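Peer 1: quick check, what structure comes out for this input:
(one chain, ligands or ions: 1)
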Amino acid sequence: MPIKPLRKAVFPVGGLGTRFLPATKALPKEMLPVVDRPLIQYAVDEALEAGIEQMIFVTGRGKSAIEDHFDIAYELETTMAARGKSLEILDATRLKPGAVAYVRQQEPMGLGHAVWCARDIVGDEPFAVLLADDFMLGAPGCLKQMVKAYNQTGGNMICAMEVAEEATDKYGIITPGARDGALTEVKGLVEKPKRGTSPSNLAVIGRYILQPEVMRVLEGQEAGAGGEIQLTDAMARMIGSQPFHGLTFDGVRYDCGDKAGFIQANIAVALTRDDIGPAVREFVAGRC
Ligand code: G1P
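Peer 2: Okay, the predicted model is just below:
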């Protein structure tokens, strides 16, 4: 079967962000900045780098700042232009007209449900899913690495990463099959297995390339771990009928859904910057 090219990406951004309260009471967690760009901007940039043409955001109430971020801000831009300031800094926020779609998830019923809410916009083609709080630093970016592998294997592909044994209950976990370099065959998947029952310590990280059939599986999907409709459960049901691989990403992942991970991401990015790197390095070195 020919491998269908990947053109669309789904960004589930409807989550409540309770782990960052009170910061996220009125601010979407995806708008939290790593240095000076919101998390969602990094995820969109990663998708663009991987050749994605259409961005589909699955939003919820209180998330309109994300729509505004990817829109033209007339007042700001007119004022900046009148003051002779360059608008280049805003370039990344301008998505091609028509290449962005928003669909609302009325209730936070889980990642699987969020993805399913995008079914009509995704249509009958493969699509990527990017979770913005999995902050991936690498060159090329994580999704681009996955697309390269997907163009060989087709089917479904997830980003895979080994995690500490005691952290396996926080992730989707892979039952690994044959390994070939960075690729691991996925034989089974389980969402947040209870301590001591995990099939391995190879976890699913928030980057996916999925075939559209997963939408039909999600259609009849029952609630799973945590009472939520889990994407992992739907993916597990596709194993065997389509190729399924995990790709170990060559780069570093920061869990920006976690406060320590978020601070680490900020420090890591700050240290790479010419403008603030030296000052941050001096500050950190003086405290270690
Ligand atoms: C989600 C997925 C899980 C995956 C994780 C990666 O969980 O359900 O399978 O391992 O993202 O970050 P969440 O972190 O939303 O609980």
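Peer 1: residue contacts, the closest residue to the ligand within the chain?
Peer 2: As assessed by C-beta to the nearest ligand atom, the ligand sits closest to Gly172 within the chain, at 2.6 Å. All C-beta atoms are positioned from the backbone trio N, CA, C, and that covers glycine. By C-beta atoms under 8 Å, 6 or more residues apart in numbering, the contact list for Gly172 reads Ile158, Leu189, Val190, Glu191, Lys192, Ala203, Val204, Gln230, Leu231, Thr232, Met235.
Peer 1: list the beta-bridge partners for it.
Peer 2: Beta bridges link Gly172 to Glu191, Val204 when assigned by DSSP bridges.
Peer 1: mind listing what's buried in the top helix by length along the chain?
Peer 2: Assignment by DSSP state H gives helix 259-272 as the longest helix of the chain. Within helix 259-272, the residues scored as buried using 16 or more other C-beta atoms under 10 Å are Gly261, Phe262, Gln264, Ala265, Asn266, Val269, Ala270.
Peer 1: and which of those is nearest Leu143?
Peer 2: Proximity to Leu143 was ranked across those by C-beta to C-beta; first place goes to Ala265, at 17.4 Å.
Peer 1: and the closest one, what pLDDT?
Peer 2: On the pLDDT scale, Ala265 is placed at 98.
Peer 1: find the nearest non-adjacent residue to Arg273, please.
Peer 2: Ranked by C-beta to C-beta, 6 or more residues apart in numbering and with sequence neighbours excluded, the top spatial neighbour of Arg273 is Val35, at 6.7 Å.
Peer 1: wait, that neighbour touches Ile267, no?
Peer 2: No: if you go by C-beta atoms under 8 Å, Val35 and Ile267 don't touch, sitting 9.5 Å apart.
Peer 1: which among the contacts of Gly172 are in contact with the ligand?
Peer 2: Glu191, Ala203, Val204, Gln230, Thr232 (C-beta under 6 Å from any ligand atom).
Peer 1: those, buried ones only, as a PyMOL selection?
Peer 2: If you want just the buried ones from the ones next to the ligand among the contacts of Gly172 in PyMOL, going by 16+ other C-beta under 10 Å, the selection is:
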select buried, resi 191+203+204+230+232
